[in-house]
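Peer 1: fold the following, please.
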Amino acid sequence: MKKLAVIGLMVLGSALGADYVLEYEMQDGVQTYMYHSDTKAKMLTRSDGESSGVYKIGKKSYIVGGDGTVMDVDEMKKMAAGFSFGEGVPQEEERGGTPKVTRTGKSINLAGIRGEVWRLSGTEDGLSYSSEVIVTKDKRVVKTIRAVSSAWGNSMDGGLEIQKGYVIIKAEGMKLKSFHEKSVDAKEYALPDGTHKAEFPDGKMLGERLSDACYESVCCGNTAGESKYLGNALTSSYKSYTLVGSGVCDSLGLSSVFGVNSIEGALYKKGSDTVQLTLALDDKDGGVVHKAKMNLDAGQAVVIESIKEYEEYSRDGLTHYYGILMPMNQETLDIIVNENTILTVTRRVKGSNVSLKSFAQSIDLSALKSSVESAPQEKNEVNIDTDSAVNLLKSFF
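Peer 2: Purely as a prediction, here's the structure:
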């Protein structure tokens with residue numbers, strides 16, 4: 001009896017020290033997740049003979065590219081903080097809202113893991129969709145997925161952990177192929193030999209250079225004709241601020257950054273103090289300030305770390321969102337012209353005695369709203385190569 005107890009304790013100790021290994025079969029490759037603890041985990045992606053990975057090592061997180069390049073996630077975020085284009089949009093917002101979940105009551109075992117069949121439905125790009133997925137609340141699987149996704153600073157992956165405590169193990173184009181609870185060599189959780197660290201430029205310096213260009217000329221120096229809507233609402237001057245000009249923005253790929261297809265811009269100057277206006281004609285995300293506030297409240301913010309003096313108010317029947325975005329220290333005011341049109345007014349905080357909220361009162365919002373809603377909106381063509389490059393950069397953040 002005593003011998004059996006000792007054996008039992010040995011087995012229990014072995015189980016407690018075991019690692020979790022999940023392998024997902026994807027449409028274009030295989031993803032393998034390994035978990036030892038919340039601070040020691042990794043994910044490997046293999047596709048077309050190439051391999052890349054995400055490593056969680058202590059409080060640090062790394063991305064290892066197929067060429068052996070190691071990218072420090074903290075340094076990537078630091079570089080991203082130098083740019084002030086606003087927050088990325090959570091995945092469910094890009095799809096058109098959180099899908100409706102219907103629990104069918106059916107259960108199924110997949111790779112030895114008990115799962116539940118859920119039906120997801122909703123709209124995406126104006127079209128209805130419905131699909132079935134298999135999810136699990138197995139704590140071992142949930143821990144593994146969370147540990148890897150926390151590399152980005154989020155406890156929920158936005159893709160696999162569909163609801164808190166529930167992870168997808170089968171959906172269109174992917175399924176859990178295997179699950180093992182076994183001992184994994186500690187070397188597996190270390191960065192591979194032969195890798196080299198990527199050196200990131202000073203994001204603040206890059207951001208300031210780009211920001212300088214945007215505060216010195218209309219549309220950061222890239223226009224494609226006269227403004228069709230914004231110009232109708234502006235005065236030539238306001239409290240010593242002089243209108244430099246307005247126009248249709250093009251060439252910089254700004255549509256990718258703001259998530260819209262048509263942008264107009266204008267610029268006012270008063271000595272070294274400048275105010276930038278951006279009219280987004282197809283923005284479904286509620287503007288930079290509101291979007292960033294939602295991301296911060298959800299713990300999903302990356303670029304904008306905090307908002308000082310946040311305020312929501314109404315003027316001329318239109319909702320206004322105001323705040324100072326940190327760490328870029330940029331005063332920003334979003335004015336919701338209609339459900340798809342946002343006017344964003346920004347400037348660097350330099351201690352001017354004219355508040356941005358006061359400056360915005362010089363804009364004829366009634367004329368702007370009337371101009372936008374009475375004329376057909378045309379979508380500007382944006383340079384595709386630049387657009388792709390900006391999207392690639394965004395994917396890093």
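Peer 1: just the strands in the stretch 51-200 of the chain please.
Peer 2: Listed from the start of the chain, the stretch 51-200 of the chain has strands (DSSP state E, counting those that start in this stretch) covering 60-64, 69-72, 100-110, 113-124, 127-136, 161-163, 166-171, 174-182, 196-197.
Peer 1: and these, which is most packed in?
Peer 2: Highest mean neighbour count among those (mean count of other CB atoms under 10 Å): strand 166-171, with a mean of 22. (Each C-beta comes from the backbone N, C-alpha and C, glycine too.)
Peer 1: that one pairs with which strands, parallel or anti?
Peer 2: For strand 166-171, sheet partners with direction are given as strand 127-136 (antiparallel), strand 161-163 (antiparallel), strand 174-182 (antiparallel), following DSSP bridges.
Peer 1: quick one: end-to-end distance for stretch 30-46.
Peer 2: Stretch 30-46 has an end-to-end distance of 5 Å (CA to CA, to the nearest Å).
Peer 1: how far does it sit from its chain's centre?
Peer 2: Taking the mean C-alpha point of stretch 30-46 and that of its whole chain, the gap between them comes to 22 Å (CA atoms, centre = their mean, to the nearest Å).
Peer 1: swap in stretch 238-252?
Peer 2: On the basis of CA atoms, centre = their mean, the separation between the geometric centre of stretch 238-252 and that of its chain is 28 Å.
Peer 1: how about that stretch as PDB, C-alpha atoms only?
Peer 2: Extracted in PDB, the C-alpha atoms of stretch 238-252 (Å, rounded to 0.1, in the frame of the first residue of the first chain):
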ATOM      1  CA  TYR A 238      -9.200  82.400 -36.900                       C
ATOM      2  CA  LYS A 239      -7.500  84.200 -33.900                       C
ATOM      3  CA  SER A 240      -4.300  84.800 -35.800                       C
ATOM      4  CA  TYR A 241      -4.300  81.300 -37.300                       C
ATOM      5  CA  THR A 242      -4.100  81.400 -41.100                       C
ATOM      6  CA  LEU A 243      -5.400  78.800 -43.400                       C
ATOM      7  CA  VAL A 244      -2.500  77.400 -45.400                       C
ATOM      8  CA  GLY A 245      -4.800  75.400 -47.700                       C
ATOM      9  CA  SER A 246      -6.900  72.300 -48.100                       C
ATOM     10  CA  GLY A 247      -7.100  69.400 -50.500                       C
ATOM     11  CA  VAL A 248      -7.700  65.800 -51.300                       C
ATOM     12  CA  CYS A 249      -5.100  63.600 -49.700                       C
ATOM     13  CA  ASP A 250      -3.300  60.900 -51.800                       C
ATOM     14  CA  SER A 251      -0.100  59.000 -52.300                       C
ATOM     15  CA  LEU A 252       0.900  58.400 -48.600                       C
END
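Peer 1: the strands paired with strand 166-171: which one's closest to residue 144?
Peer 2: Of all the strands paired with strand 166-171, the one in closest proximity to residue 144, counting by CB to CB, is strand 174-182 (9.1 Å).
Peer 1: per-residue confidence averaged over that closest one?
Peer 2: When the per-residue pLDDT values of strand 174-182 are averaged, the result is 95.
Peer 1: run the chain-centre distance for it.
Peer 2: In terms of CA atoms, centre = their mean, the gap separating the centre of strand 174-182 from the centre of its chain is 28 Å.
Peer 1: beta partners for residue 19?
Peer 2: Here residue 19 shows beta-bridge partners residue 182, assigned using DSSP bridges.
Peer 1: can I see the domain layout of the chain?
Peer 2: 2-94+137-197, 204-396 (automatic domain parsing).
Peer 1: of all the ones you listed, which lies closest to residue 102?
Peer 2: domain 2-94+137-197 (12.5 Å).
Peer 1: element containing residue 225, please.
Peer 2: Using DSSP states H and E, residue 225 is not contained in any helix or strand.
Peer 1: my read: it touches residue 248, true?
Peer 2: Yes: the pair residue 225 / residue 248 is scored as a contact, 4.8 Å apart, by CB atoms under 8 Å.
Peer 1: neighbour count for the two, which is higher?
Peer 2: The residue with more neighbours, out of residue 225 and residue 248 and counting by other CB atoms under 10 Å, is residue 248; that gives 23 against 10.
Peer 1: surely the more buried one is in a strand?
Peer 2: Yes: counting by DSSP: H, G, I helix; E, B strand; the rest coil, residue 248 falls inside a strand.
Peer 1: what distance do you get for it to residue 341?
Peer 2: Residue 248 is 15 Å from residue 341, where distance means CB to CB, to the nearest Å.
Peer 1: just residue 26 next, same as before
Peer 2: Here the distance between residue 26 and residue 341 works out to 39 Å (CB to CB).
Peer 1: more neighbours, these two?
Peer 2: Neighbours per residue, other CB under 10 Å: of residue 26 and residue 341, the larger number sits with residue 341, 21 against 14.
Peer 1: show me what contacts the more buried one?
Peer 2: Residue 341 makes contact with 279, 280, 281, 282, 283, 372 under the criterion CB atoms under 8 Å, 6 or more residues apart in numbering.
Peer 1: any stretches of the stretch 1-150 of the chain with poor pLDDT?
Peer 2: Residues of the stretch 1-150 of the chain that meet the criterion pLDDT under 70 lie in 1-17, 78-97, 125-126.
Peer 1: centre of the chain to the helix or strand harbouring residue 344, how far?
Peer 2: Following DSSP H and E, the helix or strand that holds residue 344 is strand 341-348. Relative to its parent chain, strand 341-348 has a centroid offset of 20 Å by CA atoms, centre = their mean.
Peer 1: strand partners (parallel or antiparallel) of it?
Peer 2: Each strand paired with strand 341-348, and its direction, by DSSP bridges: strand 273-280 (antiparallel), strand 330-338 (antiparallel).
Peer 1: using PDB, list the CA coordinates for it.
Peer 2: Below are the C-alpha coordinates for strand 341-348, written out as PDB (Å, rounded to 0.1, in the frame of the first residue of the first chain):
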ATOM      1  CA  THR A 341     -17.700  60.800 -41.700                       C
ATOM      2  CA  ILE A 342     -15.300  62.000 -39.100                       C
ATOM      3  CA  LEU A 343     -13.500  65.300 -38.900                       C
ATOM      4  CA  THR A 344     -10.300  65.000 -36.800                       C
ATOM      5  CA  VAL A 345      -8.500  68.100 -35.600                       C
ATOM      6  CA  THR A 346      -5.000  67.700 -34.100                       C
ATOM      7  CA  ARG A 347      -2.000  69.600 -33.000                       C
ATOM      8  CA  ARG A 348       1.000  69.100 -30.700                       C
END
